[in-house]
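Visitor: Fold the following for me, if possible:
(4 chains)
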2 protein chains.
Amino acid sequence: MDTTLDPGLGLRIRRTESLTSLIRRELERMIEVGELKAGDRLNENALAAKLGVSRGPVREACRGLEQSGLVHVIVNRGVFVREISNREAAELYDIRAALYALAGRLLASKITKKQVTELRRMVREMEEAADKGELNVFYPLNVRFHEAIVQFSGNGRLLSMCTSVHREMHLFRRRTLDMPGRMKISNAEHASIVDALEAKHGDRAARLMEDHVLKSRELLFGPLGTPAD
Amino acid sequence: MDTTLDPGLGLRIRRTESLTSLIRRELERMIEVGELKAGDRLNENALAAKLGVSRGPVREACRGLEQSGLVHVIVNRGVFVREISNREAAELYDIRAALYALAGRLLASKITKKQVTELRRMVREMEEAADKGELNVFYPLNVRFHEAIVQFSGNGRLLSMCTSVHREMHLFRRRTLDMPGRMKISNAEHASIVDALEAKHGDRAARLMEDHVLKSRELLFGPLGTPAD
DNA sequence: CTGCAAAAGATTGTTGACAATAAACAATGA
DNA sequence: TCATTGTTTATTGTCAACAATCTTTTGCAG
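Guide: All right, here's what the predicted structure looks like:
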């Protein structure tokens, strides 16, 4: 298989985007999809060869990934896809809860009818997926629902932060226990959140968003505080 | 003036740390201090020559800085120290408020007597600085006070996020109006925060932290929402 | 066979050179 | 005089080679 970065289209693309950013996105994709698993080392030579470029842009891309927390670099040893410990995952849940609460509060004060409709549509689709027990339909909708709320909140930096946190959490091994009734419970919370948003009740929306995230956290780590590791 | 990166010590240092990270810290310092101002372009050749290295590590360092939001890169044009608009600064204030609230909540549940003493000492020193009207003493103490709370909270990722947000906000032109009585008011809030922490009253600590940040925001932008630009 | 030491190999860190692009400037015509 | 086009210069994007470091293998003594 030839996974080169479009050498044919290269001439057109290269004008508006550097190889570095293309490679960074490609690496993010590989990590997201699982082509690169937590703990894997990124071999610069191999990657450069595989993508049909030299090591320079690959190294630059890795430096960006390092800062965004997706990989960590050990001098003279290489860059490794980060492994998220239980403890770190728990920390990220707390942060996500705080950021989502903010998103809810901000959005409640400015949400439009159109946005409410959009969110309600997602909730309805998730409801169908939950009824049929289709987790592979529910899950991406769930992601998009949360993303939409953060995006609608209008705080650009908040959006990029949430995206970053979300990417990092993906590195965490344990998937949320897909308990049978979990989808319906989760979606009921979604409905309440949209209600609060529509009512422009900022405090309630914030609290519901926070609880929604912390409930996921509890499902993984139990009701008490941070796990040892 | 020779601002080379210690070519003498280089040999020793290079073993445990790459030039890239040294340069990134140096650039962060230059931005922090104001040697590089918002909007300035970072000339790769000039920087490389000044630091006595080649362009490679400089470029890698810039990619890290880009991801952390301190600079932005325009393809084929160069990397520029980011300019923070009023709007973005306001967004960052909101985020900081949410993160600090989390820090307060977390710390309240686990603060030690020793940490309370430490915080109280800082408040006392700030009180003295406020009495004498010494802003240049008050300000760094103020920073350390907030940093300490975040650090004591025990959430590592939260600490790095707050540091990052703080750095970014430094790029914002308008300094907080140093109104005459401002320091004393601010420090009274600090005292209340420590009280809430000592009482292990998480909700109250969270709310006080949030209000404390949002009050700074109001001082800059007024009581209503986000400024246009 | 095991443990250690030294050499060979692989990989990262760094550099200088070349190619591609954008900015600055000069020349031309209206 | 001004706008436009062509040319030169400066700067960034990319690459391939070299140096430093780490890992693995091999050889040898016990």
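
Visitor: can you list the residues of chain A near DNA strand C?
Guide: Within reach of DNA strand C by CB under 7 Å from any atom of the strand, chain A has these residues: A:11, A:14-15, A:41-45, A:55-56, A:59, A:73, A:75-79. Every residue, glycine included, has its C-beta placed from N, CA and C.

Visitor: any idea how far A:Glu88 is from B:Gly156?
Guide: Distance, A:Glu88 to B:Gly156, by CB to CB, to the nearest Å: 7 Å.

Visitor: quick one: buried residues of the helix or strand hosting A:Ala61?
Guide: Assigned by DSSP states H and E, A:Ala61 falls within helix A:55-67. For helix A:55-67, burial by neighbour count (16 or more other CB atoms under 10 Å in any protein chain shown) applies to A:Gly56, A:Pro57, A:Val58, A:Arg59, A:Glu60, A:Ala61, A:Cys62, A:Arg63, A:Gly64, A:Leu65, A:Glu66, A:Gln67.

Visitor: which other residues reach whichever strand or helix holds A:Asn136?
Guide: Per DSSP H and E: A:Asn136 is located in helix A:135-152. Identification of contacts with helix A:135-152 by CB atoms under 8 Å, 6 or more residues apart in numbering or on different chains yields A:99-100, A:103-104, A:107, A:111, A:115, A:118-119, A:122-123, A:125-126, A:129-130, A:158-159, A:162-163, A:166, A:178, A:183, A:186-187, A:190, A:193, A:197, A:209.

Visitor: Got a ChimeraX select line for the buried ones in these?
Guide: Burial among the contacts of helix A:135-152 is assessed by 16+ other CB under 10 Å; the matching ChimeraX selection reads:
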select /A:99,100,103,104,107,111,115,119,122,123,125,126,129,130,158,159,162,166,183,186,187,190,193,197,209
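
Visitor: Tell me which of the contacts of helix A:135-152 fall in helices.
Guide: Using DSSP state H, A:99-100, A:103-104, A:107, A:115, A:118-119, A:122-123, A:125-126, A:129-130, A:158-159, A:162-163, A:166, A:183, A:186-187, A:190, A:193, A:197, A:209 are the members of the contacts of helix A:135-152 that sit in helices.

Visitor: So which of those would count as near chain B as well?
Guide: Restricting these to those touching chain B (CB under 8 Å from any CB of the partner chain) yields A:Leu99, A:Leu158.

Visitor: Just put the buried residues of helix A:55-67 in CSV and tack on pLDDT.
Guide: Listed next are those as CSV, based on pLDDT from 0 to 100:
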residue, pLDDT
A:Gly56, 97
A:Pro57, 97
A:Val58, 98
A:Arg59, 98
A:Glu60, 97
A:Ala61, 98
A:Cys62, 98
A:Arg63, 97
A:Gly64, 96
A:Leu65, 97
A:Glu66, 96
A:Gln67, 94
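
Visitor: List just the nearest of those to DNA strand D.
Guide: A:Gly56 (3.6 Å; CB to the nearest atom of the strand).

Visitor: returning to what we had before: what packs against the following helix or strand past the helix holding A:Ala61?
Guide: Under the assignment DSSP H and E, the closest C-terminal helix or strand after helix A:55-67 is strand A:71-74. Secondary-structure packing of strand A:71-74 (3 or more CB pairs under 8 Å, 6 or more residues apart in numbering or on different chains; DSSP states H and E): helix A:55-67, strand A:78-81.

Visitor: do that again at 10 Å, thanks
Guide: Packing contacts for strand A:71-74, counted by 3 or more CB pairs under 10 Å, 6 or more residues apart in numbering or on different chains; DSSP states H and E, involve strand A:41-42, helix A:55-67, strand A:78-81.

Visitor: Flag the shaky bits of chain A, pLDDT-wise.
Guide: Within chain A, the segments meeting pLDDT under 70 span A:1-15, A:175-178, A:224-226.

Visitor: domain ranges for it?
Guide: What automatic domain parsing lists as the domains of chain A is A:10-81, A:86-221.

Visitor: Let me know which of those domains is the nearest to B:Leu92.
Guide: Closest approach to B:Leu92 among the domains of chain A (CB to CB): domain A:86-221, 6.1 Å.
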